[in-house]
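Participant: I need the structure of the sequence given here:
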Amino acid sequence: MTKITPLARSGEHIHHYDPNEVFVTPAMTSQLTAMGLELPNLESIRAYRRQRILSEMEKREVDALLLFDPLNIRYATDSSNMQLWTAHNLARAAIVTVTGHMILWDFTNCRHMTEHLSRINEVRQVAGSFYFEFGDTVGKQARSFCNEVQDVLRIHKLSGPIGIDRMDTTIAKAFFATDLNIIDAQTVMEHARVIKSPDEILAMRCAVAGCEMAMAEMEKAMKPGMAEVELWSVLHKENIAQGGEWIETRILASGPRTNPWMSEASGRIMNTGDIMGFDTDMIGLFGICVDTSRTWLVGDADATAEQVETYRIAHEHVETNMTLLAPGVSMRDLTYKGHVLPDEYQANKYCVKMHGVGLCDEFPSIYYPDSYIEGAFDYHLEPGMVLCVEVFAGKQGAREGVKLENQVLVTETGFENLTTYPYDSRLLGK
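Facilitator: Sure, this is the predicted structure:
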């Protein structure tokens, strides 16, 4: 293990939108401002997230959190480094103590990437243990890292529960061989992340705007004779060019591939009169997830009666269910109330009715009544929660189906639909 001494910092000196430290391009920040959007204060977000974690730790009597999940590390530290690669190679980790001390284990020789993040008390390198990096010495490396974490806990006089979010097998064996009281950190982190601060909402508004700009470019580019993957690439290109980060899935389908839902973008050529649906699943500006779905009619054609019927049912489902959102509403009520899809649409319906969203799809999952998990989500909505309200409508055996989804903020008095991208008027029959 290589330990790097605590960084010498002179306080919170970061220029919030220094292009060397923030992915969002100067051109994009100027464009957002010109659109009338207020840019978020990144230091305010970092302070808020730290306090959310510490409050949740105190509430649950957890002494420390050891985080390997890249999104939990991002939430805790605002440090980002090879997010997708480290999602399957656990080369980074962070520990947060209930006293507020934060250590980041980053990839080799990456100290310079966190010099602007003053809330990280210490940066070290070489975390975890995985075969690609350590070969047949993974067990030895796992025990070494485990000993290092135990040393941190001893130095800070912490002997209570430690939460860990995920581990490879060798790391898990090393930690479970100790006398540490290990609990699930993901529960702590999901509840910390669920309420967004005003500045996080500003960041989300910017991310939604960026996503909808990319969607507009998709719709402009869509034409008969184009392959699904060609259209899908437009969303990626626009997101990256703005300073967004990645797209979590590749769910885009056209024509008969839209029903049932969940097909990934393919080489299929879209034809005039097909419908095309997609799910953005975009990790966009400021690392915020924008999870929106739209279905469009391809080419210069009139929608068929069946397409209009299906689209109107999907539209009514989403628009009706958004009105359920308000502070104090139970998550159980979200499951059992609202619009009910007709019987012939039930078999192919989407896996959830709504779900939380922040740095990615997050807690909670709001299921349909026939999939409800008793005792899993016995909570109530609070202001600052953001949920994606969605639907897939497709009759069993029908040629096509419709996917729609909006990202919705729970406010002090009700809800605000953050998604402004219009529905397809031809498919609505207008």
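
Participant: Would you mind putting the CA coordinates of stretch 118-129 into CSV?
Facilitator: Taking C-alpha atoms only, stretch 118-129 is exported to CSV below (Å, rounded to 0.1, in the frame of the first residue of the first chain):
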residue,chain,number,x,y,z
SER,A,118,-10.9,20.4,0.0
ARG,A,119,-13.2,18.1,1.9
ILE,A,120,-11.0,15.1,1.2
ASN,A,121,-8.7,14.9,4.2
GLU,A,122,-6.3,12.3,2.8
VAL,A,123,-5.6,10.7,-0.5
ARG,A,124,-4.0,7.2,-0.8
GLN,A,125,-3.6,4.8,-3.6
VAL,A,126,-4.2,1.1,-4.2
ALA,A,127,-7.6,0.1,-3.0
GLY,A,128,-9.3,-3.3,-3.0
SER,A,129,-8.1,-6.4,-4.7
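
Participant: how about low-confidence regions in the stretch 201-350 of the chain?
Facilitator: Under the criterion pLDDT under 70, no range of the stretch 201-350 of the chain is flagged.

Participant: All the strands of it, residue numbers only.
Facilitator: 246-247, 252-254, 275-279, 282-283, 289-290, 293-297 (DSSP state E, counting those that start in this stretch).

Participant: Ok, which of the ones you listed comes nearest residue 199?
Facilitator: Ranking these by distance to residue 199, with Cβ to Cβ as the measure, places strand 289-290 first at 16.2 Å. C-beta: built from backbone N, CA, C; applies to glycine.

Participant: what's that closest one in contact with?
Facilitator: By Cβ atoms under 8 Å, 6 or more residues apart in numbering, the surrounding residues in contact with strand 289-290 are 204, 207-208, 210-211, 248, 280-284, 357-361, 407.

Participant: ok, now with 7 Å
Facilitator: Contacting residues not belonging to strand 289-290 are listed as 207-208, 211, 280, 282-284, 357-361, 407 [Cβ atoms under 7 Å, 6 or more residues apart in numbering].

Participant: Can you tell me the strand partners of that strand and which way each runs?
Facilitator: Taking DSSP bridges as the criterion, strand 289-290 sits next to strand 282-283 (antiparallel) in its sheet.

Participant: can you give me how far the partner strand is from the chain middle?
Facilitator: Using Cα atoms, centre = their mean, to the nearest Å, we find the averaged C-alpha position of strand 282-283 to lie 7 Å away from the chain's own average C-alpha position.

Participant: before we move on, what about stretch 344-352?
Facilitator: 23 Å.

Participant: who wins for proximity to residue 84 among the strands of the stretch 201-350 of the chain?
Facilitator: Closest approach to residue 84 among those is made by strand 246-247 (6.1 Å; Cβ to Cβ).

Participant: Any chance you could list what contacts the closest one?
Facilitator: 84, 235-236, 239, 281-283.

Participant: centre of the chain versus it, how much separation?
Facilitator: Centroid separation for strand 246-247 versus its chain: 10 Å, with Cα atoms, centre = their mean.

Participant: That strand pairs with which strands, parallel or anti?
Facilitator: Sheet partners assigned to strand 246-247 using DSSP bridges are listed as strand 282-283 (antiparallel).

Participant: that older thread, rebuild the contacts of strand 246-247 as JSON lines, extending it with neighbour count and distance to residue 145.
Facilitator: Formatted as JSON lines, the contacts of strand 246-247 follow (neighbours: other Cβ atoms under 10 Å; distance: Cβ to Cβ, whole Å):
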{"residue": "84", "neighbour count": "12", "distance to residue 145": "22"}
{"residue": "235", "neighbour count": "24", "distance to residue 145": "38"}
{"residue": "236", "neighbour count": "15", "distance to residue 145": "35"}
{"residue": "239", "neighbour count": "24", "distance to residue 145": "35"}
{"residue": "281", "neighbour count": "20", "distance to residue 145": "32"}
{"residue": "282", "neighbour count": "27", "distance to residue 145": "34"}
{"residue": "283", "neighbour count": "24", "distance to residue 145": "28"}
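
Participant: Nearest to residue 51, out of those residues: which one, please.
Facilitator: For the contacts of strand 246-247, the closest approach to residue 51 (Cβ to Cβ) belongs to residue 283, at 23.6 Å.

Participant: Nearest residue to that closest one in space, ignoring adjacent ones along the chain?
Facilitator: When the adjacent residues along the chain are set aside, residue 283 lies closest to residue 245, with 4.4 Å between them (Cβ to Cβ, 6 or more residues apart in numbering).

Participant: ok, and what's touching stretch 338-351?
Facilitator: Here stretch 338-351 makes contact (Cβ under 7 Å, 6+ apart) with 259-261, 313, 316-317, 320-321, 324, 368, 390-396, 401.

Participant: ok, 6 Å please
Facilitator: By Cβ atoms under 6 Å, 6 or more residues apart in numbering, the surrounding residues in contact with stretch 338-351 are 260, 317, 320-321, 324, 392-396.

Participant: Switch the strands of the stretch 201-350 of the chain over to a markdown table; also include distance to residue 429.
Facilitator: Written out in a markdown table, the entries for these read as follows (distance: least, Cβ to Cβ, whole Å):
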| stretch | distance to residue 429 |
| --- | --- |
| strand 246-247 | 31 |
| strand 252-254 | 20 |
| strand 275-279 | 13 |
| strand 282-283 | 29 |
| strand 289-290 | 28 |
| strand 293-297 | 11 |
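
Participant: Which one of those strands lies nearest to residue 266?
Facilitator: strand 252-254 (7.7 Å).

Participant: my read: residue 221 touches residue 234, true?
Facilitator: Yes. Taking contact to mean Cβ atoms under 6 Å, the distance of 5.1 Å between residue 221 and residue 234 places them in contact.

Participant: which of the two has more neighbours?
Facilitator: Set side by side, residue 221 and residue 234 give different neighbour counts by other Cβ atoms under 10 Å, the larger being at residue 234 (19 against 14).

Participant: Please name the residues that touch the more buried one.
Facilitator: Residues counted as contacts of residue 234 (Cβ under 6 Å, 6+ apart) are 217-218, 221.

Participant: quick one: it and residue 35, what's the gap?
Facilitator: 20 Å (Cβ to Cβ, to the nearest Å).

Participant: and if you look at residue 315?
Facilitator: Remark: distance between residue 315 and residue 35 (Cβ to Cβ) = 26 Å.

Participant: How about residue 191?
Facilitator: For residue 191, the distance to residue 35 under the criterion Cβ to Cβ works out to 33 Å.
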